[in-house]
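Enquirer: next come a sequence and a model predicted from it.
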Amino acid sequence: MPSLLERAAHHSQSLHHATASSHRVSSLMVALLAGLLLAPVGLCQTLAPSLRAANQPASGAATPSPTNTPSTGPDAPQPSSMFDALAPTTTTVEVYAADRELETSQPEAFQAGGQEILASAGAFGDLSRYIATLPGVVATSDLINEVLVRGGHPMENLFLVDGIEVPNINHLATMGTTGGFGPMIDSGVVQGIKVYTGGFEARYPERLSSVTEIRTLDPEHLTTHAEADVGIEGLGGLAEKAIKGGDLLVSAHHGILEIMDSFGLSGLPSYTNELARYRHNDASGNRWTVLHIAGWDSYEVTPCAADGLETSSIDSQYSGWRETTGVEWQHVYSARSFGVATVNDSQEVEHIHQQEQILNPADVAVVKENCPLPPNVAQASPVYMDDSNDGFDSASYRFEWSNSRLTLSTGSSFWLQRPHFQIEQPLGAYSPYSVAPVRVDSTSFASDFSTGESGSYAQFTASPLRSLSVSVGGRLQTFAFGDHATLTPRVSLRYGLGEHVGFHAAFARYAQMPPYVYLLSYEANRTMLPMRATHEIMGIDVSGFLSSEIHIEAYNKAYMDTPASTEYPSVNLHDMVDMLGQQFVWLPMNSGARGASSGIELSELTRLHSSLVVRGSIAYSRAMFAGLDHVARPSNFDLPWIINVAMLKQFGHGYQVSSRYGYSTGRPYTPYDLPDSYAQNRPIYDVTEMNKLRVPYYGRFDAQMNKDAMVGHLHLEVYAGVNNVLNRANFLAYVWLPRYRTRVPTEKVDELYQMPIFPNAGLRYIFR
């Protein structure tokens, strides 16, 4: 079926039914399997509180920080490790200029520490899943950690680790995506994160929706310690040691789900990751960092051709690896200025092979064998082959200067993109948007070239009044491929209405090229323009009221030059139907789609005494997009109401309890054209009803308890929790049953659900 690979590492149709009478994906591990296995999502395709960033002082020369810094409470600095969090010490800490940020008037970031992420109910210690608890942010499903930010596409998110761009921080992820099954970065190595959901500065590489900055451990005093852990995300650990005046941090993990093969749940993935970072500071404020992140993963799945309740007929084999290696040098020039230079290499290699068991859905052979079938019983024909490496090298430099009234930030970056693709889809597929009983969109393409991109920016922030700051800037981005150039402005202001109330506003434009695999799949696709989005933001922040911090922010995001199908006028990048488990198929496209996402968010952080923190948010928004037919429809990411409430409570004797409840409006969907679908025994969508219907609402309550204990120099943390405590059947998708024999068309449609009630447990040892 026409399938645009718009999101990756997704739910496969290997949501294998446990029994014929119980085929609605109720098995715990089977539900997880949906998130593990790669399938196209396109045409075929607790808390620990999130703290708002306070205004940071302007950066200057290295200065000592005050002694006796508070080490507890929600406003305290984030602990550098679990050991430091539980055994706080009072020391004199030297803070370097590079660690501090220039004051700007941009909308503030949401912040969280690594310890918060580890302790949060429902997150599995995954920072991406934790981000999905922030206002206006939601996960695409329980089964992967891909996030949607304010109605934007998942490809519109940028991740930086210690200032170095990482295309994807997750396992089982394909090109052009920012999500996957699980993280390549252990939250135990995370000092803290910042998430900007709109109106972010010009210094960041262009993205249309969000920027997430991840900072690895930066201990206040260098120590030697190691941690070992085991949990749902895998088995591994980390070690940190002072070497030659610097700090060496290493981490490695291996997935444990593949052991389920011995219990009969075949097809579960194998994955391994590693992280190494060396950081050196000197007394003058200079710092250099070397970072390496890598991950390897694979899986193989073969739906049983003798099972009438199978929803997929595609055999899939996937293996891949991705790595990012970068060096950052930060140099203090004077008490008022410093510079940062970065070089980076990143590669994303994937091997995807798919075979179709049913070449003609109108002629399905009956296989009378018991599953699993011998290899010679069901023969499949190759329909998709992908052996590619999408990589880039980059170099950048930025300079920052400030005094009491004025701040200047400027810099330039260059990327050498290396889109080396070898992709074949020789047979095409039956289109889910057309009743024509023929295979279409057959294409094969190869590329082995390099192309350059550059970005330069300047941003000024002035504080003419003590209570007022204004920022003005812009970014010039050039793309050699297609010979495009974009100039995107940024304007923001922040005004304090007294000690406890502040107002902020921002206007910003962003431009981002579609992924190269989209551009190269067809000759006509090469004319696509950079995608563009304009952010308009207004907000108010209130603090000091009943120990709460309240934030209200309204936004409007206008999209232009969004990819749209040239074959199907109602289809664009934001409303492509998820065809779980089907083959990858690329589409002819142009830049004719437009859309808008607008909404308002209310969030609050309440601290009651020092042991209870409650975080809540409610967001209302609409995301409407139009393809070449110019008819605005709800996008796949149109979720009008998103509500999150989370709580973290500390008790005596090392106990900690976290819980979270998440709610969102049901997702839009396009119903099947049942008469034509039944006549051809394949899913055909009623495009006149594109995204007009909605599934039931999503709701999930999670809870987790942590227990800390000290045994000599050994610190042990044990945690246990339950996701989806109420066992709510949250809807995932409608799917077609190609082998199910019935005379009733509606019985050919099955319903799949997301994660049922699921336990989460593990332990972590920390050695000093």
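Expert: Nice, thanks for sending it over.

Enquirer: C-alpha only now, for contacts and for neighbours.
Expert: Fine.

Enquirer: tell me which helix or strand in the protein has the weakest average pLDDT.
Expert: Across the helices and strands of the chain, mean confidence by mean pLDDT, DSSP states H and E is lowest for strand 51-52: a mean of 27.

Enquirer: so residue 119 sits against residue 130, correct?
Expert: No: judged on C-alpha atoms under 8 Å, residue 119 makes no contact with residue 130 at a distance of 10.1 Å.

Enquirer: neighbour-wise, which of the two wins?
Expert: residue 130 (27 against 24; other C-alpha atoms under 10 Å).

Enquirer: spatially nearest residue to residue 551 (excluding sequence neighbours)?
Expert: Nearest residue to residue 551 in three dimensions, chain neighbours excluded: residue 541, at 4.6 Å (C-alpha to C-alpha, 6 or more residues apart in numbering).

Enquirer: so that neighbour is in which element?
Expert: According to DSSP states H and E, residue 541 maps onto strand 531-545.

Enquirer: and that strand, which residues are buried?
Expert: Across strand 531-545, burial judged by 16 or more other C-alpha atoms under 10 Å covers 531-543.

Enquirer: over to stretch 283-291?
Expert: With burial defined by 16+ other C-alpha under 10 Å, the residues of stretch 283-291 counted as buried are 285-291.

Enquirer: what strands line up against the strand holding residue 541, and which way round?
Expert: Paired strands of strand 531-545, with direction, are strand 501-512 (antiparallel), strand 548-565 (antiparallel) (DSSP bridges).

Enquirer: could I get the ones you listed as CSV with mean pLDDT, mean neighbour count and distance to residue 218?
Expert: Shown next, in CSV, are the strands paired with strand 531-545 (pLDDT from 0 to 100; neighbours: other C-alpha atoms under 10 Å; distance: least, C-alpha to C-alpha, whole Å):
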stretch, mean pLDDT, mean neighbour count, distance to residue 218
strand 501-512, 96, 22, 31
strand 548-565, 95, 21, 27
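
Enquirer: do a quick rundown of the helices in the chain.
Expert: Taking DSSP state H to define them, one finds helices in the chain at 28-36, 82-86, 114-119, 127-131, 516-520, 674-680.

Enquirer: the fifth one - what's its average pLDDT?
Expert: The average pLDDT within helix 516-520 is 94.

Enquirer: next one: the first one
Expert: The predicted model assigns helix 28-36 a mean pLDDT of 34.

Enquirer: and what of the third one?
Expert: Over the span of helix 114-119, the pLDDT mean works out to 83.

Enquirer: residue 210 contacts residue 155, doesn't it?
Expert: No: with contact defined as C-alpha under 8 Å, residue 210 does not reach residue 155; the gap is 9.9 Å.

Enquirer: give me the more crowded residue out of these two.
Expert: residue 155 (26 against 23).

Enquirer: if we ignore the residues flanking it in sequence, what's nearest the more buried one?
Expert: Per C-alpha to C-alpha, 6+ apart, closest to residue 155 is residue 177, 5.0 Å.

Enquirer: need the contact list for residue 368.
Expert: The contact partners of residue 368, by C-alpha atoms under 8 Å, 6 or more residues apart in numbering, come to residue 306.

Enquirer: strands of the stretch 551-700 of the chain, start to end?
Expert: For the stretch 551-700 of the chain, the strands defined by DSSP state E, counting those that start in this stretch cover 589-608, 612-626, 633-634, 641-650, 655-664, 668-669, 693-694, 698-711.

Enquirer: with that, I have no additional questions.
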